[in-house]
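A.B. asks: everything below, folded, please.
(one chain, ligands or ions: 1)
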Amino acid sequence: MRVTLTCLLCFLCGHSAVADLHSHHSHPAVNKKGNDTPLLESPCKGKPLDFVFIIDSSRSVRPHDYEKVKAFIKNILEFLDVGPEATRVGLLQYGSVVQNEFFLRDFQRKSDMQKAVDDMIQLASGTMTGLAIEYTMNVAFSEAEGARSPDANVRRMAMVVTDGRPQDTVHEVAASARSAGIEIFAIGVGRVDMNTLLAIGSEPHAEHVFLVANFSQIETLTSVFQSKICGGETTSLPLFLFPFLIIMVIMKPSIQDCFFSF
Ligand SMILES: *[C@@H]1O[C@H](CO)[C@@H](O)[C@H](O)[C@H]1NC(C)=O
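C.D. replies: Down below sits the predicted model:
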């Protein structure tokens, strides 16, 4: 058990390190304006984006943890530049089935989205993660449901939050979604299978795959995502991240051992 905790902590430290580097990296741009603009002052402004939340609503998520996921979603919404010409947001949850909460075309105001998040009711059934990703690709990101046309070159992002092992396969469908141009963030909470997260998230994994120990820790990711979602292109990986990436690759097998040793 101690080994398990140490591993989780190591992993968390690694990620906070990335978060720190990132905020140092992105601060100068903010400071140049000559004031203490807080990070929450929407660096997302003027960057059109189609963004879909994919929320694991399975039975294993306890009711108070489900509330923490809702709080996390609302924190992310807080810094998005919501609007039909800026960031469009969709949200779906999944258990044994996929349930759409709102499509990209449904809301133009942040307050309406926040209310819809408050009103979400947990499905408390299975964990069909692959099905949810397929639905996201084929339905949530269809132009009929409000995604902008591929010609418009608007970035497409999806964020999967899950605490379990899927009952279906995710590898192929996640790969198809990524090759269809959807950048996928995979957030695992607790005893998730690291292989699943890695199969879901876009490359580089250090930028897209996150593991936190429990639902209380999920809020620590908000500021990380602020720079990732709004910070522009993620294709050029800063050189200083390479040591971390190498460490992560070396650690990967032991992380899996950690999880299986629960
Ligand atoms: C969540 O994880 C953190 C870090 O491992 C730990 O300090 C905290 O006590 C945990 N919280 C709960 C509610 O288990």
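A.B. asks: OK, contacts around the residue nearest to residue 181 when sequence neighbours are not counted?
C.D. replies: In space, not counting the residues next to it along the chain, residue 181 is nearest to residue 156; the distance is 5.7 Å by Cβ to Cβ, 6 or more residues apart in numbering. Yep, even glycine has a C-beta here, placed from its N, CA and C like the rest. Contact analysis of residue 156 by Cβ atoms under 8 Å, 6 or more residues apart in numbering lists 49-52, 141, 147, 181-183.
A.B. asks: got a ChimeraX select line for the buried ones in the residues you listed?
C.D. replies: Buried residues among the contacts of residue 156 (16 or more other Cβ atoms under 10 Å), as a ChimeraX selection:
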select :49,50,51,52,141,147,182,183
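A.B. asks: so which of the contacts of residue 156 are in strands?
C.D. replies: Residues of those located in strands (DSSP state E): 49-52, 182-183.
A.B. asks: which ones, among the contacts of residue 156, also lie beside the ligand?
C.D. replies: When Cβ under 6 Å from any ligand atom is applied, no member of the contacts of residue 156 is adjacent to the ligand.
A.B. asks: next, format the contacts of residue 156 as CSV and append pLDDT.
C.D. replies: Output for the contacts of residue 156, formatted as CSV (pLDDT from 0 to 100):
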residue, pLDDT
49, 96
50, 97
51, 98
52, 98
141, 98
147, 98
181, 97
182, 98
183, 97
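A.B. asks: returning to what we had before: taking the ones in strands among the contacts of residue 156 together, which two end up most distant?
C.D. replies: 49 and 182 (11.8 Å; Cβ to Cβ).
A.B. asks: who touches both of these two?
C.D. replies: Contacts common to residue 49 and residue 182, judged by Cβ under 8 Å, 6+ apart, are 156-157.
A.B. asks: who in the stretch 101-250 of the chain is up against the ligand?
C.D. replies: Within the stretch 101-250 of the chain, the positions near the ligand by Cβ under 6 Å from any ligand atom are 213-214, 216-217.
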